[in-house]
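Colleague: structure, please.
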Amino acid sequence: MSETDLKIHIYDKEIICPICNSKFNVKIVKVNSPRITSKDSDFFIRYRVINPYFYDVWVCNSCGYSAIKADFPKIKSHQKDIILNEITRKWRPHNFPENLTVPDAINRYKLALVNSMAINATNSSIAMIFLKLGWMFRLNEDIEKENLFLNQSLQYFLKSFSLENFPIYGMQRDSFSYLIGDLYRRTNKSEEALRWYSTVITTVGASVKVKELARTGKDIINKKY
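Modeller: Modelled structure (predicted):
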């Protein structure tokens with residue numbers, strides 16, 4: 001995509017870093033620009049024209065603080081010192097292009113992961129970064145690395161299921177349970193996947209759409225074996 005075409009689909013937004021108070025611009029994808037082509041069973045959306053996932057991580061080039069945009073302002077006071085001591089002290093500014101690619105997105109999600117691990121972020125926050133890294137490697141058709149990151153995501157989602165209150169990243173308990181089941185299936189743990197799918201299907205009050213997704217997941221496993 002040319003720079004001229006890119007400017008049709010993104011705009012700059014000035015924000016203030018909650019760590020160092022520096023002002024910097026982030027790229028925001030316009031709401032109507034992405035075109036959905038399909039959706040994968042683990043909620044990954046495939047886009048054409050421009051991919052919003054590439055711009056989902058905000059990076060402060062002054063101090064190195066990096067996080068998914070939904071979590072960027074949610075830093076706690078005691079975590080600021082951790083970032084300054086463990087991230088900023090070693091930070092070297094990164095020169096990312098405006099027109100981000102899959103490798104750029106992977107690097108940005110990895111920066112967010114390092115930050116989230118350093119501040120001991122919530123399990124769901126870490127899980128979401130791992131999940132989106134898995135999705136980026138899916139775009140790269142790197143199955144081995146995709147499965148590696150999906151498995152890490154699964155482990156942290158399991159912890160968050162027990163410890164955190166719903167909704168989590170917009171997901172209610174039924175959607176969250178389904179996602180766990182689907183990640184089990186995608187990482188070749190069929191028995192666990194079937195157990196979580198069945199829980200969703202038999203849950204009173206679970207949405208009809210999510211129950212149908214769980215039934216589809218069960219059918220995939222049953223046909224495989």
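Colleague: pop the domain breakdown of the chain in here.
Modeller: When the chain is parsed with automatic domain parsing, its domains come out as 3-159, 165-225.
Colleague: show me where pLDDT drops low in the protein?
Modeller: Scanning the chain for pLDDT under 70 picks out the ranges 1-4.
Colleague: export the domains of the chain to CSV and append columns for mean neighbour count.
Modeller: Placement of C-beta: from N, CA and C, glycine included. Below are those laid out as CSV (neighbours: other C-beta atoms under 10 Å):
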stretch, mean neighbour count
domain 3-159, 17
domain 165-225, 17
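Colleague: so which helix or strand takes in Arg46?
Modeller: Following DSSP states H and E, the helix or strand that holds Arg46 is strand 45-48.
Colleague: how about Thr37?
Modeller: Here Thr37 sits within strand 35-39, counting by DSSP H and E.
Colleague: which strands or helices does that strand pack on?
Modeller: strand 45-48 (3 or more C-beta pairs under 8 Å, 6 or more residues apart in numbering; DSSP states H and E).
Colleague: what's in contact with the strand it packs on?
Modeller: Applying C-beta atoms under 8 Å, 6 or more residues apart in numbering, the contact partners of strand 45-48 are Pro34, Arg35, Ile36, Thr37, Ser38, Lys39, Asp40, Tyr53.
Colleague: closest to Ala206 among the residues you listed?
Modeller: Nearest to Ala206 out of these is Lys39 (C-beta to C-beta; 18.9 Å).
Colleague: what sits opposite that closest one in the beta ladder?
Modeller: Ile45 (DSSP bridges).
Colleague: may I ask you to name the longest helix in this protein?
Modeller: Secondary structure of the chain per DSSP state H: the longest helix is helix 143-163.
Colleague: what's the closest non-adjacent residue to Phe44?
Modeller: Trp135 (4.7 Å; C-beta to C-beta, 6 or more residues apart in numbering).
Colleague: so that neighbour touches Tyr53, yeah?
Modeller: Yes - using C-beta atoms under 8 Å, Trp135 is in contact with Tyr53, at 6.7 Å.
Colleague: run the angle between the helix or strand hosting the residue nearest to Phe44 and helix 143-163 for me.
Modeller: In this assignment (DSSP H and E), Trp135 forms part of helix 123-139. Interaxial angle of helix 123-139 relative to helix 143-163 (axes from the mean of the first three to the mean of the last three C-alpha atoms, to 10 degrees): 160 degrees.
Colleague: which outside residues touch helix 123-139?
Modeller: Residues outside helix 123-139 that contact it (C-beta under 8 Å, 6+ apart): 40, 42, 44, 53, 56, 68, 71, 102, 105-106, 109-110, 112-113, 116-117, 145-150, 152-157, 159-160, 163-164, 168-169, 183.
Colleague: and if you look at stretch 70-89?
Modeller: 15, 18-20, 58, 63-65, 67, 114-116, 118-121, 125, 169.
Colleague: now, the residues you listed that are in helices?
Modeller: Those of the contacts of stretch 70-89 mapping onto helices are Val114, Asn115, Ser116, Ala118, Ser125, per DSSP H.
Colleague: can you list these in a markdown table and add distance to Glu98?
Modeller: A markdown table is the format used below for the ones in helices among the contacts of stretch 70-89 (distance: C-beta to C-beta, whole Å):
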| residue | distance to Glu98 |
| --- | --- |
| Val114 | 23 |
| Asn115 | 22 |
| Ser116 | 25 |
| Ala118 | 28 |
| Ser125 | 27 |
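Colleague: and of these, the nearest to Phe176?
Modeller: Distance to Phe176 across those (C-beta to C-beta) is lowest for Ser125, with 14.1 Å.
Colleague: no further queries at this time; thank you.
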